[in-house]
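S.K.: can't give you the sequence, but here's the structure:
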């Protein structure tokens, strides 16, 4: 993955008015075992042209957050219990379903994890890309085809004109994911959401698809939300990073800050659990314990049962830490974030490594 | 698609040949075809011997089979055992009537079942969903002849109370059905009650399959993709969900077509229709193996043809099958 990082866009990152602003979003699911608090007061912003990487383990609420703002949560059992999502000042959560449909695919487009199941098997690839265009505008048939072929070419599909008439099962996973990206950028969206876009792909294909995604973003200058649990992908693609745990945001910062001086023990745990090619390690270093139950979230800081820093400190068990502002766009939801430098040094000593992951 | 269709068609030929062999073994070889003649006091041994010689019953089984089967492609099933009358004209007449009834019932059942299944799945666990579920179970458990009688009694009651005769209770046509379109309308009018009696079971069963596969499809990733693209909800249902959900339902409907044919036997008896079912019962009572074998061959062909149609519809709906 020795690819040049995307060229910085003309706009400075993280200043000015955010395009998309998620404020205190709460999403719950009613299940037989109780209410699952999948998203518990999540806030973050996306500025034009930047890539926000959202990391966290499975069940941390990173996907549910973006599905909520697009109205893709099945309701019931899902319920958006609070917060607001402002797209250029307009609250998406207050739109009626018809208006929200017009936002989906036009102003906010999404790329899903599994290209093998995310395309309809009985419609041609071309039909499915064309649908993204015709759902939002009256365009003639020939013009639609011309635009779709151009899109397929843009995402690097060979023989785009032939591919247009083919069915998804005639393409490989990588080609299908390219078609998904073509579909997503068909209407020049303001926000592009990629939910684990490379997780289901072969490692050799992953880098290519990331490249296409970066090109697609350059083309549209869309603010991008890149959801992944792969820190390598974050290091390569993201400008800013949002770390989520147990349905909450625990740390935000630029990609350099997150990788070089993490201010939350969970982020530090993620970084130190990475395999390192330059260090001879017998075993990987996992974060002890298990991801939290979203029905009975641990009291106080949700991470405290697995945290070294919080051991024996009562405030960690009793008080939910607020998202402390540490700088411009830099936040940490840790009571003891000012002890993180020593904590990082301790981990470095004990493991004989440096904590920064892949140098971004 | 053309190679796919041709291959399906070619596969049907050995299936039909195998069917004729089984039919011949089961009917002609399993007993004495002349048994009924022997019982009749006014038939002499000389007449029996003549029939046996005419029919080649004194020859080895394979010769008999070939003699019987080779006349079928020429459009005939020979004559009845004792009368010099051709079987095929009778059989063609009753088969036409039965196919009108059964295909009508199947088309109505499939259409209603798909609509009900989609509507139930879209409103899962609603009052509508529970109501159709309950009615389906009733329809599924109800004997067809009983439902047919209920329909007849209702029509008669309405007639008695209001003086309006909604539907005829028997026969395929009025005494003077007219010609052309008037004949067609008259025929449909006569067939509505029998088709309804026959379709109720199919509606109940197909709509269950449709609901189940629809539920699976509307929670699939590609429907979520369509929604994320901003496709209008109505188009998501028709273009993305229904077409995929219909694939298993088409299979079930095609496989059930044989059952519908056997259901027609009962319904034709209740409504006094001159169809294959009644013909079969009649010939069974006369213990003449030749028309029975002819009936079974026609049934086999119809079943194979409908499986073929199902395969073609399947190929149309699902490109993954078409291209393999």
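M.R.: Received, thanks. No experiment lies behind these values; they were computed from the predicted model shown.
S.K.: burial measure for residue A:313, as a count.
M.R.: 15 (other Cβ atoms under 10 Å in any protein chain shown). Glycine gets a C-beta too; all of them are placed from N, C-alpha and C.
S.K.: list the contacts of it.
M.R.: Contacts of residue A:313 were listed using Cβ atoms under 8 Å, 6 or more residues apart in numbering or on different chains, and they are A:335, A:336.
S.K.: that one and residue A:335, how far apart?
M.R.: Per Cβ to Cβ, to the nearest Å, residue A:313 is found 8 Å from residue A:335.
S.K.: could you do residue B:171 as well?
M.R.: 89 Å.
S.K.: so which of these two has more stuff around it?
M.R.: When residue B:171 and residue A:335 are compared for neighbours, residue A:335 comes out ahead with 20 against 13, by other Cβ under 10 Å.
S.K.: under a three-state scheme, what state does the more buried one occupy?
M.R.: coil (DSSP: H, G, I helix; E, B strand; the rest coil).
S.K.: OK, contacts around it?
M.R.: Contacts of residue A:335 (Cβ under 8 Å, 6+ apart): A:301, A:310, A:313, A:315, A:316, A:319, A:321.
S.K.: which one of those is nearest to residue B:157?
M.R.: Proximity of those to residue B:157 (Cβ to Cβ) peaks at residue A:301, which lies at 74.9 Å.
S.K.: my guess is the closest one meets residue A:310, correct?
M.R.: Yes: the pair residue A:301 and residue A:310 passes the contact test of Cβ atoms under 8 Å, sitting 6.4 Å apart.
S.K.: need the overlap of contacts for the two.
M.R.: Common neighbours of residue A:301 and residue A:310 (Cβ under 8 Å, 6+ apart) are A:316, A:317, A:335.
S.K.: could you dump these into CSV and include pLDDT?
M.R.: Formatted as CSV, the shared contacts of residue A:301 and residue A:310 follow (pLDDT from 0 to 100):
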residue, pLDDT
A:316, 83
A:317, 83
A:335, 86
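S.K.: need those in JSON lines (columns: distance to residue A:103).
M.R.: Below are these laid out as JSON lines (distance: Cβ to Cβ, whole Å):
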{"residue": "A:316", "distance to residue A:103": "40"}
{"residue": "A:317", "distance to residue A:103": "41"}
{"residue": "A:335", "distance to residue A:103": "38"}
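S.K.: mind checking which helix or strand the spatially closest residue to residue B:43 that is not a sequence neighbour is in?
M.R.: Nearest residue to residue B:43 in three dimensions, chain neighbours excluded: residue B:37, at 5.4 Å (Cβ to Cβ, 6 or more residues apart in numbering or on different chains). Counting by DSSP states H and E, the element that carries residue B:37 is helix B:35-39.
S.K.: tell me how many other residues crowd residue B:29.
M.R.: 12.
S.K.: my read is residue A:224 is in a strand, agree?
M.R.: Yes: counting by three-state DSSP, residue A:224 is found in a strand.
S.K.: separation between it and residue A:150?
M.R.: Look at residue A:224 and residue A:150: by Cβ to Cβ, they are 21 Å apart.
S.K.: Provide a list of residues in contact with the closest residue to chain B within the stretch 251-360 of chain A.
M.R.: Chain B sits closest to residue A:294 of the stretch 251-360 of chain A, with a gap of 20.6 Å, by Cβ to the nearest Cβ. Taking Cβ under 8 Å, 6+ apart as the contact definition, residue A:294 lies against A:36, A:37, A:38, A:59, A:61, A:246, A:247.
S.K.: mind putting those in TSV, distance to residue A:144, secondary structure and neighbour count included?
M.R.: Below are the contacts of residue A:294 laid out as TSV (distance: Cβ to Cβ, whole Å; DSSP: H, G, I helix; E, B strand; the rest coil; neighbours: other Cβ atoms under 10 Å in any protein chain shown):
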residue	distance to residue A:144	secondary structure	neighbour count
A:36	41	strand	21
A:37	43	strand	22
A:38	37	strand	24
A:59	40	coil	18
A:61	37	coil	25
A:246	44	coil	23
A:247	41	coil	27
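S.K.: wait, which of these is closest to residue B:293?
M.R.: Nearest to residue B:293 among the contacts of residue A:294, with distances taken as Cβ to Cβ, is residue A:36, at 65.0 Å.
S.K.: could you look up the SS state of the closest residue in space to that closest one that isn't next to it in sequence?
M.R.: Nearest residue to residue A:36 in three dimensions, chain neighbours excluded: residue A:29, at 4.3 Å (Cβ to Cβ, 6+ apart). On the three-state scheme (three-state DSSP), residue A:29 is labelled strand.
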